[in-house]
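Student: Would you be able to build a 3D model of this:
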Amino acid sequence: MQIASEDLSRHLASGLKPLYVVYGDALLLAIEAADSIRAAARAAGYSERETFIAEQYFKWGELCNSAQSLSLFASRKVIDLRIPSGKPGTEGGQALQDYVANLSPDVLTLISLPKMDWSAQKSQWFTALQQHGVMVSADDIPRNMLPRWIAARLERQEQTTGKATLEFLADRCEGNLLAAFQEIQKFALLFPAGELSFEQVKDAVMDVARYDIFKLSEAMLSGNAARFARILDGLRAEGIATVLVLWAVSEDIRTLGKVLQAAQCGGSLGNALRDMRVRKDRQGLIENAARRLKLPYIERALQQAARLDKTIKGLRQGDVWDELLQLGLRFAK
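Tutor: Below is the predicted model:
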């Protein structure tokens, strides 16, 4: 069973399952999901808890031994297994498969993993977890969904605010849910229940956005000029190497060009994206950009990227950051 972290409370209210797997790159959501599962287990009488951290040299036999041994004072227990790397290795993978094939009704197992790439999700051990457990995805909130997430969090503390203020908050907190959560909690301490004005929020909030090059290319592909410029300024302020920025942007431009070439030859965009192994979370962006832009436009963008590469290497003069901005703005027209 696959559920999103926001649906977990409703699921837990209907009864507990013997195995839960929390995975994703949103640390706040993963922590909250694991806390909710542990709290529900305590309320259901799972009075004992044993925690394992599967790092190098972890003895996987301890996992099965723990599940088979209950203390004299507890009839039910929680086994909290954390795999920080998301890579249990050959021995660990087999141990996990054997473990989930013989789950005990008196033991609730909670496994915490980081974000798993597509190859890891196709592994035998991860497939075994999917077959026997409840998979709770704690993925980062995309920018377009962030205002609604912030509004829901404000509603929990009986506060509301306008659409423009929510967008302002989303811009300041993008890519950093934990900091966003802390800012929202601060509003509860500073202001009473009710509607928050833009001035109140602006005076109280800090700019805690975490910029990364992949969000930059996402803004470029979607044609969002203001967001592209804001993230680019953030990357510049954080001292990110221009060669990395150009690499991320160029990769998506090249992918877009190949997709458009395939479409011109009579193929479908969907097939082209799959053939090129574009990640599922980016297929929609590439496809929408491909429907909006023409191939000659992409060819000119690639030529501009090639000139930028020479500028970075010192083979021609120019302002790299300004030219990166111009390159991104091409996609906003």
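Student: can we go C-alpha only for contacts and neighbour counts from here?
Tutor: OK.
Student: Kindly report the domain assignment for this structure.
Tutor: Using automatic domain parsing, the domains assigned to the chain come out as 2-137, 143-204, 213-332.
Student: Endpoints of the longest one, how far apart?
Tutor: Same thing as domain 2-137. One end of domain 2-137 sits 8 Å from the other (C-alpha to C-alpha, to the nearest Å).
Student: ok, back up a step: dump the domains of the chain to JSON lines, plus mean neighbour count.
Tutor: Shown next, in JSON lines, are the domains of the chain (neighbours: other C-alpha atoms under 10 Å):
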{"stretch": "domain 2-137", "mean neighbour count": "16"}
{"stretch": "domain 143-204", "mean neighbour count": "16"}
{"stretch": "domain 213-332", "mean neighbour count": "16"}
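Student: weakest of these in terms of mean pLDDT?
Tutor: Lowest mean pLDDT of the domains of the chain: domain 213-332, a mean of 85.
Student: would you list every one of the strands in the protein?
Tutor: Secondary structure of the chain (DSSP state E): strands at 2-4, 19-23, 48-53, 77-82, 107-113, 134-137, 159-161, 194-196.
Student: Can I get the longest one in CSV? Just the C-alpha atoms.
Tutor: These are the backbone C-alpha positions of strand 107-113, laid out as CSV (Å, rounded to 0.1, in the frame of the first residue of the first chain):
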residue,chain,number,x,y,z
VAL,A,107,5.7,-6.5,16.4
LEU,A,108,5.2,-3.2,14.5
THR,A,109,8.2,-2.5,12.3
LEU,A,110,9.0,1.0,11.2
ILE,A,111,11.8,1.4,8.6
SER,A,112,13.1,4.9,7.8
LEU,A,113,14.9,5.5,4.4
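Student: Return the list of strands paired to that strand, each annotated with direction.
Tutor: strand 19-23 (parallel), strand 77-82 (parallel) (DSSP bridges).
Student: Return the distance of the first one from the chain's centre.
Tutor: What that stands for is strand 19-23. Distance of strand 19-23 from the chain centroid (C-alpha atoms, centre = their mean, to the nearest Å) equals 16 Å.
Student: And the longest one, by the same measure?
Tutor: With C-alpha atoms, centre = their mean as the basis, the distance from the averaged C-alpha position of strand 77-82 to the chain average is 24 Å.
Student: hmm, who's touching it?
Tutor: 38, 41, 46-54, 66-67, 70, 106-113 (C-alpha atoms under 8 Å, 6 or more residues apart in numbering).
Student: again, 10 Å this time
Tutor: 18-22, 34, 37-38, 41-42, 45-55, 63, 66-67, 69-71, 105-114 (C-alpha atoms under 10 Å, 6 or more residues apart in numbering).
Student: what's near enough to touch the closest residue to residue 105 other than its chain neighbours?
Tutor: Distances taken as C-alpha to C-alpha, 6 or more residues apart in numbering place residue 18 nearest to residue 105, at 6.2 Å, with adjacent residues excluded. Going by C-alpha under 10 Å, 6+ apart, residue 18 touches 78, 100, 103-110, 132-134.
Student: nearest to residue 14, of these?
Tutor: residue 134 (13.2 Å; C-alpha to C-alpha).
Student: That closest one is in contact with residue 2, isn't it?
Tutor: Yes. Counting by C-alpha atoms under 10 Å, residue 134 touches residue 2, with 5.9 Å between them.
Student: Report the set of residues contacting both of those two.
Tutor: residue 21.
Student: Roughly how far does residue 86 sit from residue 306?
Tutor: 37 Å.
Student: Repeat that for residue 30.
Tutor: Applying C-alpha to C-alpha to residue 30 and residue 306 gives a distance of 41 Å.
Student: give the contact list for residue 155.
Tutor: Residue 155 neighbours (C-alpha under 10 Å, 6+ apart): 149, 161, 193, 194.
Student: Could you measure from residue 273 over to residue 282?
Tutor: In terms of C-alpha to C-alpha, residue 273 sits 10 Å off from residue 282.
Student: Distance from the chain centre to the longest helix anywhere in the chain, please.
Tutor: With secondary structure taken from DSSP state H, the chain has its longest helix at helix 242-264. Distance of helix 242-264 from the chain centroid (C-alpha atoms, centre = their mean) equals 22 Å.
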